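Chemist: Have a look at this fold, sequence not included:
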């Protein structure tokens, strides 16, 4: 099956700093999503981005499908950005399923 | 509009007990998914429904796990004879298949603790 790797596994930032999180995947995908899991466990949708670049406020993401990676940029980080960031992909299953395969996540801690 | 809801939010079971976890997807969403998230790990796929049809149950870890969605809306995940290794957060997600956007939206999860 598809392998999804995220880096770095852990990241500590001072408030106001910028960061880049990376997601590598081992095969072509139909869908790629970035999530933020808050301290209460809720998975919050950040981006649906199978290809191209999107921006939402201080966050932006780029997926280069041909090279099988995606990047999540966080600018001017805030303490509320703390939590785990997951990349998840949907492979080409021929319509049989639409399951997401998750990476192991990046644990981000933003210090005041 | 309302998001995906799950109940109960927390469940404590004694080993050997049966449990039932409920998921209410976003209204009109055709696809429904169950995932299991162990502590410190990413969510792992359990099963997938399109309307009432269970199209993929390849992630169910054993025959003690059973899911249904009889009317194509609410879904129940049942675990029989719970074991300690079943302790995890169970997440439900839904998506509006049929449009170009098949983005999955997740509920808050049910945290199951088996003693």
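Modeler: Now that the structure is in, tell me what you want to look at. Keep in mind the model is a prediction, meaning the values are calculated, not measured.
Chemist: quick one: contacts of whichever strand or helix holds residue A:5?
Modeler: When elements are assigned from DSSP states H and E, residue A:5 belongs to strand A:4-7. Contact with strand A:4-7 is made by A:21-26, A:85-89, A:101-106, as judged by CB atoms under 8 Å, 6 or more residues apart in numbering or on different chains. No exception for glycine: its C-beta is placed from N, CA and C like everyone else's.
Chemist: Which PyMOL command selects the buried ones in those?
Modeler: Buried residues within the contacts of strand A:4-7, by 16 or more other CB atoms under 10 Å in any protein chain shown, are selected in PyMOL with:
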select buried, chain A and resi 21+23+25+85+86+87+88+89+101+102+103+104+105+106
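Chemist: pretty sure residue B:114 is in contact with residue B:64, am I right?
Modeler: No - assessed by CB atoms under 8 Å, residue B:114 is found out of contact with residue B:64, at 11.6 Å.
Chemist: Looking at the two, which is more packed in?
Modeler: Neighbours were counted for residue B:114 and for residue B:64 using other CB atoms under 10 Å in any protein chain shown; residue B:114 has more, 19 against 14.
Chemist: and the more buried one, what pLDDT?
Modeler: Predicted confidence (pLDDT) for residue B:114: 98.
Chemist: Quick check: it vs residue B:11, distance?
Modeler: Distance of residue B:114 to residue B:11, computed by CB to CB, to the nearest Å: 9 Å.
Chemist: now do residue B:61
Modeler: As for residue B:61, its distance to residue B:11 is 17 Å (criterion: CB to CB).
Chemist: Which one's more surrounded, the two?
Modeler: Neighbours were counted for residue B:61 and for residue B:11 using other CB under 10 Å; residue B:11 has more, 18 against 13.
Chemist: Mind listing what's buried along the helix or strand containing that one?
Modeler: For residue B:11, the host element (DSSP H and E) is strand B:10-13. Going by neighbour count (16+ other CB under 10 Å), the buried part of strand B:10-13 is B:11, B:13.
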